[in-house]
Structure formats: structure tokens, C-alpha cells
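for reference, the sequence and a predicted model appear below.
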Amino acid sequence: MEPYHDISGIELHSRTIPPLALQQTGGRILFAKDHDEVGMWPLGPGDIGLRAGFVVHTGLKPLDNLDAWNDGYLLNTSLSLSRNTAPLTLSSLYPLIAEYVSDGAGGMTVRHMLKHGWQSWSGTGSFTNNSIDYDPPSRVMRLLTTNPTRPAPGKKGQFSSEMFTVIRPEKGRGAILCGFLDAAYFFTDIKVTFVRGGRSRIACRINLDGIPLRPGEDLRLPTLLVAFGQNETKLLEAYMDMTAQHMKARVPQYHLSVWSSKGCDQPVVTEADLLANLTEASASSTAASPAVSTAASPSAFPHNLVDVFQIGDGYQPLIGNWLESNGQFPSGLPYLAANIKEAGLRPGIWLAPFLVAPNAPVSREHPDWLLRNNHGRPVTACINPQWISKRLFALDLTHPEVLDYLVQLFKTLTQDWGFDFIEADYLYAAALPAARHNPIYSDAGALRLGLEAVRHGCGERVFLLASGCPISPAIGIADGMGITPGCAPFWSDRMVRKFGNDFNLRSMENATRNTITRSYMNRRLWLNAPDSIVLRVDEVTRPRLTEDEIRSFATASAVLGGITTFSERLVGLDPEYRKVFRQLAAFGKDQPFDAVDNHSAGTVPALAFTSPSAPDLLLNAFPSVFRRSGLCHDYLALFNNSAIPKSMAVDLERLFSERTFPQQSMEFWTGEKFEIRGSILEMTVPPHGCRFFVLPK
């Protein structure tokens with residue numbers, strides 16, 4: 001690339017949507033030299049960068065018009081340090097600091113922005129310029145959901161979004177997307193500040209986490225995409241496609257339904273319980289009964305209730321001791337994997353490979369493997385009162401011996417014992433700030449190293465589901481990604497809301513919302529994996545959940561078409577619930593491309609497909625409309641997140657391709673029939689509930 005030229009004042013604008021433009025006000029880089037001198041040099045006029053001993057290289061490339069966007073730009077950045085100067089410690093680099101330019105009349109003020117969360121469990125949704133973006137109130141809650149190095153601004157009109165964002169003017173005349181394409185080794189974020197007068201400031205940052213830049217070294221940084229378009233959903237889908245291409249995303253061309261002993265339901269804690277549920281799962285998956293109702297033709301889909309039978313949390317004696325089982329599982333993991341295979345299902349297992357208990361063998365025998373802070377103390381990576389050891393440490397993934405250990409661990413589980421579905425959980429622990437064994441790796445770079453070791457141990461054909469995982473470092477390694485906070489036995493936590501923000505925390509509301517607001521990733525970066533579906537209203541385990549609230553999350557999962565996970569005990573399960581579970585799994589398998597096992601890295605679906613989408617993604621904090629077109633059916637869900645019933649009407653012609661609609665449509669959960677007048681469907685949606693329609697093509 002050419003040496004950096006002053007681009008302050010340059011306007012990145014849309015030629016076809018005149019009000020949309022970003023005016024670059026200059027980038028900047030933060031660094032320390034000789035360990036005590038802190039510099040903040042603007043990437044602007046003159047030779048300031050050259051006098052500091054480093055050169056910033058940049059390239060600004062306009063993109064051709066596509067269907068998804070009207071205009072776009074790629075901004076590439078790299079750093080190089082001359083050989084005759086002292087090393088630098090890099091903090092962060094802003095390749096773009098810009099202002100949104102209105103039409104000059106003050107009538108195009110930016111009002112909506114999409115905030116994307118840091119990891120699987122972090123909240124994702126729309127905010128307006130009058131909202132406040134702040135973190136959960138307690139340290140334990142923040143540790144499990146937010147990036148500790150980049151807290152939320154906590155001020156009205158200021159927002160921080162990880163990896164990408166979309167902003168939209170209040171009058172709906174187009175949208176602007178800013179997103180990093182290849183952020184495998186660096187975390188990135190975008191800060192949006194709403195100001196008066198029709199302008200909003202946007203600062204796109206690459207976090208360098210104090211890594212060194214040594215004399216003579218070059219450092220290539222993630223590429224920033226700035227795109228302008230009429231429709232935010234198309235912008236997001238095109239951005240995901242481009243990211244998948246840059247990072248060689250793994251996109252399995254099939255659907256999976258999973259039964260797991262880990263989930264919202266009471267955990268299965270004994271080997272006998274697990275085997276009893278396996279018997280039920282096997283019988284359900286081999287029974288040739290027409291379980292799918294008239295809403296979905298029995299001949300259209302497989303009837304399997306379960307493809308994967310997963311052993312969840314509870315088998316291990318200690319966190320970090322993954323190859324042994326406790327007294328509740330006397331036969332051991334190889335025996336269970338063999339039984340699952342004999343039952344005709346894929347054996348799966350859950351583990352948190354980067355976490356270790358203080359008294360686990362790994363911690364005692366290899367204290368140098370632990371992630372430590374600047375004072376040499378182990379970093380507290382998780383606090384979980386449900387485990388024997390409540391306080392957990394993390395492994396330092398920049399230590400070569402740790403990487404060798406991970407490769408061997410996953411080789412044993414997959415190649416030796418036969419597990420071919422792995423859920424790796426609590427992966428954020430490896431990306432916490434620390435004084436690492438090898439300081440050349442950033443927080444994201446350390447996580448990427450560990451994920452590469454996990455994939456190497458698993459091999460190419462094992463399905464790897466990442467959970468509790470920061471998003472960008474897992475692209476190209478994970479086949480599936482958890483995208484929601486965990487379900488909880490309540491819709492939302494009123495106590496938490498009283499003291500702070502519950503946007504990131506476990507609740508049925510947040511799990512439902514995130515399933516919708518991250519749907520554009522599904523089958524573009526991987527298979528999206530919401531939390532486990534439950535259906536029973538249980539006065540003991542779920543006393544604060546209504547039937548409508550439970551149905552809302554199940555509906556969002558079905559419309560998504562990602563991984564469908566169940567955790568209800570199958571032993572003694574009412575046949576009607578079993579029938580509904582099979583129907584929901586069948587809806588997920590209704591995909592407009594062949595169910596071919598194309599599992600090599602970098603593959604994308606061979607046939608075009610229609611992603612699930614929410615037309616009001618930016619207009620409402622909790623989208624009210626969610627739709628997907630399958631091969632045989634169209635799926636439509638209408639949601640009401642308010643505490644009172646809500647009347648709604650939708651135009652089916654605007655949501656689906658032009659076709660003839662029936663005069664009536666039956667709602668999935670209640671069987672109630674609603675008239676379709678022309679293409680207009682009207683109904684009343686219950687509080688915290690939904691209406692779910694399966695429309696035959």
C-alpha cells in the first residue's frame with residue numbers, strides 16, 4: 001500500500017442517496033514509547049507519524065454498486081516501524097473518525113443505531129438517540145457478558161458496538177453500515193455519538209491491547225467497510241457475506257436438532273437418567289409417524305426429533321478435568337459415546353476447555369499455564385455458584401504447552417472416543433486482559449490461537465459449536481455459534497431493571513430478542529444456535545413464565561432455522577409436547593438448498609437461500625415481525641413485548657415473494673384461524689407473546 005496520505009476532510013458519500021455521507025475528520029493512533037511516554041498522534045497532515053519512527057499505510061478503495069448497497073468503501077490500514085528506533089507498545093488505532101452529514105436542513109438527524117454485543121451472551125439490538133447504553137450493575141454480571149476493556153459509555157446518546165454497526169436517519173432515507181471484515185486477531189468496536197444539528201460522530205477503533213511493535217516489523221490490521229444502502233437488512237447480509245469470504249467461514253449445509261442435558265430444564269445428573277432419555281430420543285427419531293401436522297406436510301421433512309444427543313454439564317468431577325467422569329457417571333465417557341452411536345444418533349459433549357478450577361489437576365500440576373494479571377495472580381475468569389469450585393481461572397493460550405494440551409484433549413474426545421459434536425463453552429475467558437506468556441498476542445489473538453488448537457484437535461469433520469465466545473475470532477473455525485443469553489425462568493428480571501440495565505443478562509426476553517437481532521449471521525458465518533427450547537409451564541422450575549412467553553422463544557428459534565436445541569426430559573414427556581418438538585425441528589430443516597454434508601472450511605451454500613429477517617430491526621428495540629422463506633413454506637412470527645395485548649396487521653406481499661395467499665391462515669400454537677383480506681393479515685397478539693404462521697407455498 002501507499003504511505004498514509006492526509007484524508008481528513010474527505011467525504012465518503014453515497015452518490016445515489018444524497019443525504020447519506022460520512023466526513024472524515026482524521027484518524028489517530030495511541031501508543032507508548034520507551035515504556036513511559038504515551039503518544040496520541042493524529043493520522044492527519046504532515047509527517048508526525050514519520051517523526052515518531054513509524055509509518056501508517058492506508059488504502060481507500062471505492063466498491064462497485066451492488067444490490068445490497070448503493071456505494072461502499074474499503075479502508076485498509078497497516079503499520080511499520082523503522083529499524084533504527086525504539087519499540088512501541090500499541091494501544092489502539094482509529095482508521096476512521098467521522099461525522100454523519102445531514103442534508104443541511106436539520107431534518108435528517110440520525111435516530112437509530114444497531115448495537116452488536118461482544119460475545120454469544122451479550123445483548124444485540126436497536127437504540128435511539130435518546131437511549132443510554134450501559135453495562136450490568138454487578139461485576140459478576142459484567143464479567144459474563146461484556147468486554148472488560150471497553151465498558152459501555154453510560155451516557156445519553158453514546159453507544160459502543162462490537163465489530164459493526166448500522167445507523168439510520170429518522171425519516172428512513174437509507175442507512176450506513178460500518179464494519180470490520182477480517183478481525184480474527186484484533187477486537188474492533190465502533191462508537192456512535194448522537195449530537196444535535198443533524199450530525200452524529202462515528203469512531204471506528206481497532207484495539208491493539210498493548211502489543212509491541214518492534215523495529216523493522218510490519219503489522220497488517222483489519223479492513224474497514226463503509227457502505228451506504230436503502231435497506232439495513234440487505235446491508236447486514238452483504239456485510240456478513242463479505243466477512244465470510246474474507247475469513248473463510250464454515251457454513252454447514254444442513255440443519256441439526258440437538259437434545260442436550262444442559263439447558264433451561266432441570267439438569268440430568270446421572271448416567272441412568274441420560275441413558276433413559278437416550279432410549280426415548282432414539283425411539284422418537286426412528287418412529288415413522290406423521291408427526292408434522294397440516295401446517296407442514298409429513299412427506300416434506302424428516303421426522304427425526306433428534307440428530308445429536310449431547311452430554312451436558314454435570315459429568316465432570318471438576319471444571320478442567322474433562323476426560324474423567326464423576327461418581328454419577330460410573331461407566332465413563334467412551335461408554336456413553338458408544339451407546340449414543342448404537343442408538344443411531346450423533347454423540348455430542350459439552351465442555352468449557354479454557355476454564356480450570358483452582359484445585360483441578362491442570363491447575364495444580366501446571367500453575368504456569370494459568371492466565372495471570374500484571375501482579376502475577378491468576379485472573380478470575382468466571383464465578384458460577386452452581387459448580388463445586390465457584391471461582392474459576394483461565395488458561396493462557398499463548399503458552400505452547402497449553403496449545404499442545406488442547407490439541408490432545410480434543411483428539412481424545414473426537415478421534416479416540418467418537419464424539420463428533422463438540423460444544424465449547426465459556427470461551428471468552430481466554431480473551432480477558434492479562435499479562436500473557438507471549439506478549440505479542442492481543443486479547444483476540446490469544447483466543448484465536450486457542451480456537452485454532454481446538455479445531456486442529458477435532459479435525460475438519462467434527463461439528464464445533466462455540467458458546468460464550470467473542471464473535472470475530474471464531475469466524476472460519478466454528479461451525480455453529482451461540483447467539484443468545486441463556487434462557488431463564490422469567491421473561492425479564494424486574495429487580496435487575498430497577499438497579500441497572502438487563503440488556504445483556506439471562507432472560508427469556510433477551511434470548512428471544514437476540515435470536516431475531518442476530519439472524520443475518522445464520523448460514524452466512526455459521527449455523528446460529530439459540531439456547532434450548534422448553535415448552536412446559538412448570539410451577540416449580542419456571543413459576544414466573546407464562547405459556548405465551550415460552551412460545552415466543554420457541555417461535556423465534558423455529559423461524560430462525562439454525563440449530564434447534566431441546567432440553568426437556570424426554571422420559572414421561574407428554575405426546576403432544578413431543579409432537580410439537582418434532583414439528584419445530586422439521587421447520588428448521590425446511591431450507592431452500594439440498595441437505596448435503598459440505599463441511600470443509602470456506603464453503604458457502606451452493607444454492608441461494610432467503611435469510612430470516614426482521615423488517616423493523618432498527619425501528620424497535622424488540623422487533624415485532626420475523627420471517628423466513630423455506631423450501632416448502634413461508635414462516636411468519638409477530639411479537640408483542642409489551643405488557644398489554646396489541647393489535648397488529650401485516651402485508652404478506654411485502655414480506656414474501658409475489659404469490660397467491662389463502663383466504664385463511666391457522667395460527668400454529670392455538671389453531672385459531674385468521675382471515676387474509678387480499679394480502680393483509682390482522683390479529684391481536686397477547687402480552688409477551690406471539691402469533692406464528694406456517695404458510696404453504
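Structure's in. What do you need? Numbers count the residues shown, from 1 in each chain.

quick one, strands of the stretch 351-500 of the chain?
With DSSP state E, counting those that start in this stretch as the criterion, the stretch 351-500 of the chain has strands at 355-356, 380-383, 391-394, 421-424, 463-466, 480-482.

the second one pairs with which strands?
Strands flanking strand 380-383 in the sheet, each with its direction: strand 391-394 (antiparallel) (DSSP bridges).

what's the spacing between the strand it pairs with and its chain's center?
23 Å (CA atoms, centre = their mean, to the nearest Å).

and for stretch 376-383?
The chain centroid and the centroid of stretch 376-383 are separated by 25 Å under CA atoms, centre = their mean.

repeat that for stretch 624-643.
Computed by CA atoms, centre = their mean, the chain-centroid distance of stretch 624-643 equals 20 Å.

about what we covered before: and of the strands of the stretch 351-500 of the chain, who's closest to H116?
Proximity to H116 (CB to CB) singles out strand 480-482 among those, at 12.9 Å. In short, each C-beta sits where N, CA and C put it, glycine included.

still on that earlier bit, would CSV of the strands of the stretch 351-500 of the chain with distance to K579 be doable?
Formatted as CSV, the strands of the stretch 351-500 of the chain follow (distance: least, CB to CB, whole Å):
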stretch, distance to K579
strand 355-356, 38
strand 380-383, 38
strand 391-394, 40
strand 421-424, 25
strand 463-466, 26
strand 480-482, 26
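
so which of those is nearest D307?
strand 421-424 (8.7 Å).

which strands and helices lie in contact with the closest one?
strand 308-311, strand 346-351, helix 443-458, strand 463-466 (3 or more CB pairs under 8 Å, 6 or more residues apart in numbering; DSSP states H and E).

now with 6 Å, please.
Packing partners of strand 421-424 (3 or more CB pairs under 6 Å, 6 or more residues apart in numbering; DSSP states H and E): strand 346-351, strand 463-466.

residue boundaries of the helices in this structure?
Assigned by DSSP state H, the helices in the chain fall at 48-51, 139-145, 232-247, 271-286, 333-342, 361-365, 400-411, 443-458, 494-499, 508-517, 547-560, 575-589, 652-655.

between those, which one is nearest to I422?
Of the helices of the chain, the one closest to I422 (CB to CB) turns out to be helix 443-458, at 6.0 Å.

quick one: which of the helices of the chain is nearest I190?
helix 232-247 (12.4 Å).

just the buried residues of that closest one, please?
232-244, 246-247 (16 or more other CB atoms under 10 Å).

go ahead and confirm W259 touches V308.
No - applying CB atoms under 6 Å, one finds W259 not in contact with V308, separated by 7.3 Å.

these two: who's more crowded?
Between W259 and V308, counted using other CB atoms under 10 Å, W259 has the larger neighbour count: 29 against 22.

how many neighbours does the nearest residue to that one once chain neighbours are set aside have?
The spatial neighbour of W259 that comes closest, neighbours along the chain excluded (CB to CB, 6 or more residues apart in numbering), is V306 at 4.5 Å. Neighbour count of V306, defined by other CB under 10 Å: 29.

how far away is V306 from G348?
According to CB to CB, to the nearest Å, V306 and G348 sit 10 Å apart.

do the same with G320
20 Å.

just say which of the helices and strands packed on strand 421-424 is most tucked in.
The highest average neighbour count among these, using mean count of other CB atoms under 10 Å, belongs to strand 463-466 at a mean of 26.

how distant is it from the center of its chain?
Mean-position distance between strand 463-466 and its chain equals 13 Å (CA atoms, centre = their mean).

what's the average pLDDT for it?
Regarding strand 463-466, the rounded mean pLDDT is 98.

quick one: list the elements packing against that strand.
strand 421-424.

what sits up against the strand it packs on?
Contacts to strand 421-424, defined as CB atoms under 6 Å, 6 or more residues apart in numbering, come from residues 308, 346, 348, 350, 353, 462-467.

can you do 7 Å?
308, 310, 346-351, 353, 410, 413-414, 454, 458, 462-467 (CB atoms under 7 Å, 6 or more residues apart in numbering).

how many other residues sit next to D493?
Quick note: D493 (other CB under 10 Å) scores 17 neighbours.

what's the answer for P575, then?
Neighbour number of P575 under other CB under 10 Å is 8.

tell me where the stretch 501-650 of the chain has strands.
Counting by DSSP E, counting those that start in this stretch, the strands of the stretch 501-650 of the chain are 527-529, 564-566, 625-629, 633-640, 646-651.

figure out which of these is closest to T684.
Between the strands of the stretch 501-650 of the chain, strand 646-651 lies closest to T684; by CB to CB that is 5.3 Å.

neighbouring strands of that closest one in the sheet, and parallel or not?
Here strand 646-651 has these sheet partners by DSSP bridges: strand 680-685 (antiparallel).

average pLDDT for the partner strand, rounded please.
95.

list the buried ones in it?
Residues 681, 683, 685 are the ones in strand 680-685 that count as buried (16+ other CB under 10 Å).

nearest to L81 among those residues?
Among the buried residues of strand 680-685, V685 lies closest to L81 (CB to CB), at 59.1 Å.

show me the contacts for that closest one.
638-640, 645-646, 648, 691.

switch the cut-off to 6 Å
638, 640, 646, 648, 691.

which of those sits closest to P151?
For those, the nearest to P151 is N640 (32.5 Å; CB to CB).
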